[in-house]
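Q: What follows is a predicted protein model with its sequence.
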Amino acid sequence: RYLLVEISCKDGQVDERIDGRVVFDTVKKAVISAHGDYGMACVSRSLQVKYLNSVTGVAFIACARDYYRMVWSAVTFIRTITIKNDVHPCVFRVLHVGGTILSCQKFLIRHNKDQLLQLLQNCKTPVERKKVLKIIKKAEKEEISLSVFKVKRKTTENRRKHSNIACDDEEFDSDF
């Protein structure tokens, strides 16, 4: 499973010095604190930080399907993150749990779009409103390009199904 996690620091700014190793160590300590050696033994082989954007504070954390609830429960208790002996107050919030990275990416796009729409409603000046609308249009283009890729992939799969070409798993006779 993949946990889509949002890291929120106390001042609203995410420290750009946060890297995957820092997040991994923080999650590992949280699992040990919440579930002890047993918990760490369960998740140690599969626990990974697959993606981290230190600017937005978004991370994809991978773990075994059987133990994702253990990681999820431990992550919710994180209140600080240590970067080079500096302790920063922060909160880890699980936004989504998915079976694939693609499902997490799709959720993240929808989540960001909802956040932008809320930001648009709170704009006070026409200049702010114009900037937010520009970002929303850019996000919609990216979402459309994802859906076009999905349609292309489906049509390719349909062609394979309906073609008379034998696939690797099909048996066919040859006169050679």
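A: On my side now, so go ahead. Just so you know, these numbers come straight off a predicted model, no measurement behind them.
Q: Would you map the strands across this protein?
A: 2-9, 48-53, 58-62, 80-83, 86-98 (DSSP state E).
Q: Compare the mean pLDDT across those and name the weakest.
A: Comparing mean pLDDT across the strands of the chain, the weakest is strand 80-83, with a mean of 88.
Q: That one pairs with which strands?
A: strand 86-98 (antiparallel) (DSSP bridges).
Q: Mind listing what's buried along the partner strand?
A: Neighbour-count burial for strand 86-98 flags H88, C90, V91, F92, V94, H96, V97, G98 (criterion: 16 or more other Cβ atoms under 10 Å). Heads up, the C-betas are built off the backbone N, CA and C, glycines and all.
Q: Would you mind putting the strands of the chain into CSV with distance to F107 alongside?
A: Putting the strands of the chain into CSV (distance: least, Cβ to Cβ, whole Å) gives the following:
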stretch, distance to F107
strand 2-9, 6
strand 48-53, 13
strand 58-62, 11
strand 80-83, 23
strand 86-98, 4
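Q: Among those strands, which comes closest to G20?
A: Closest of these to G20 is strand 48-53, at 4.2 Å (criterion: Cβ to Cβ).
Q: tell me which residues in that closest one are buried?
A: V49, Y51, L52.
Q: Could you check the angle it makes with strand 2-9?
A: Interaxial angle, strand 48-53 versus strand 2-9 (axes from the mean of the first three to the mean of the last three Cα atoms, to 10 degrees): 50 degrees.
Q: Packing partners of strand 48-53?
A: helix 20-43, strand 58-62 (3 or more Cβ pairs under 8 Å, 6 or more residues apart in numbering; DSSP states H and E).
Q: just checking, what packs against the longest one?
A: To tie it back to what came earlier, the one meant is helix 20-43. strand 48-53, strand 58-62, helix 68-75, strand 80-83.
Q: could you redo the last one with a cut-off of 6 Å?
A: strand 48-53, helix 68-75 (3 or more Cβ pairs under 6 Å, 6 or more residues apart in numbering; DSSP states H and E).
Q: The first one pairs with which strands, and in what direction?
A: In the sheet containing strand 48-53, the strands it pairs with under DSSP bridges are strand 58-62 (antiparallel).
Q: what's the first-to-last distance across stretch 40-58?
A: Start and end residues of stretch 40-58 are separated by 23 Å (Cα to Cα, to the nearest Å).
Q: Same question for stretch 6-26.
A: Its start and end residues considered, stretch 6-26 measures 14 Å (Cα to Cα).
Q: Could I get the buried residue list for it?
A: Neighbour-count burial for stretch 6-26 flags E6, I7, C9, V14, D15, I18, V22, V23, F24, T26 (criterion: 16+ other Cβ under 10 Å).
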